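Peer 1: how would this look folded up:
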Amino acid sequence: MKLAAIQMVSSPDVAHNLARARHWLEQAAAQGAELAALPEYFCLMGLRDDAKLAIAEALGQGPIQQMLSQAARELGLWIIGGTLPLATPDPARVRNSCLVFAPDGSRVARYDKLHLFCFDNGRERYDEARVLEPGEAPVVAQAAGLRVGLSVCYDLRFPELYRAMGQAAPLDLISVPAAFTHTTGQAHWELLLRARAVENIAYLIAPAQGGLHENGRRTWGHSMIVDPWGEVLACLPEGEGLAIAELDLERLARVRQQLPALQHRRL
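Peer 2: Numbers count the residues shown, from 1 in each chain. As a prediction, this is how the structure comes out:
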């Protein structure tokens, strides 16, 4: 099946971002994709961290979720909906949530980002815990006949998350919507993506934010699709667009047969 990783350069304007997301979902469907994935914060890259609070939606309600559901139904796509802010009982906190929609428009999975990014090199400072509440559990979605391990951005640095998701059965596809900073992305993005694909013997799709945003933040981009041998099948360095590649279940089975590392685990 054909996969599409959508790269965006989202702005503080939610309506504009939703229109751009819909445009790229349409382009993905037109190019034959059966599953398309949006980046983290596709709906908003605000001028302040707390801008997320103002657009937070209750689960199952709101224009962001409506757009995802409608696009999935009208385009006949499986959609991994990047992330959007979902409301919590604490008005000062939201969940950074990834929702998965089936081609009939139904929501089939929800994952709340477990690991919250914090970084300070003296020039750049980030602390997601100021406005985000962490999730509580790993989530594996059933999508397009695949076992899809859901993760978000900073989760990529925690290999035990993927091991936990693959405990019951191996993952076929790992999803990593992200908004990696240019600094950390340049150093670690591809390295970590390929490592997660290789050690879990799974395909990996990583749609990202990629460019200079109105809030002054620069994201690394390089949205990519990686195969279970660690080969980068598609990559878009910067700017809006698509990274498209085929997921080949026969190749996945062959790699697992030739190198049955998942069966050799001892810890």
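Peer 1: Nearest the geometric middle of the chain, what residue?
Peer 2: The structure's the chain has its C-alpha centroid closest to Pro177; by C-alpha atoms, centre = their mean the separation is 1.8 Å.
Peer 1: Per-residue pLDDT of Glu124, please?
Peer 2: With respect to pLDDT, Glu124 has a value of 89.
Peer 1: isn't it right up against Thr181?
Peer 2: Yes: contact criterion C-beta atoms under 8 Å: Glu124 and Thr181 qualify, at 6.5 Å. Backbone N, C-alpha and C define where each C-beta goes, glycine included.
Peer 1: Could I get the buried residue list for the helix or strand of the chain with the lowest mean pLDDT?
Peer 2: In the chain, the helix or strand scored least confidently by mean pLDDT, DSSP states H and E is strand 125-127, which has a mean of 91. Within strand 125-127, the residues scored as buried using 16 or more other C-beta atoms under 10 Å are Tyr126.
Peer 1: Give the other helices and strands that that strand contacts.
Peer 2: strand 118-120 (3 or more C-beta pairs under 8 Å, 6 or more residues apart in numbering; DSSP states H and E).
Peer 1: and Asp155, which of the three is it?
Peer 2: Three-state assignment for Asp155 (DSSP: H, G, I helix; E, B strand; the rest coil): helix.
Peer 1: surely it meets Val176?
Peer 2: Yes: taking C-beta under 8 Å as the definition, Asp155 is a contact partner of Val176 at 7.2 Å.
Peer 1: Comparing those two, which residue is more hemmed in?
Peer 2: The residue with more neighbours, out of Asp155 and Val176, is Val176; 33 against 25, by other C-beta atoms under 10 Å.
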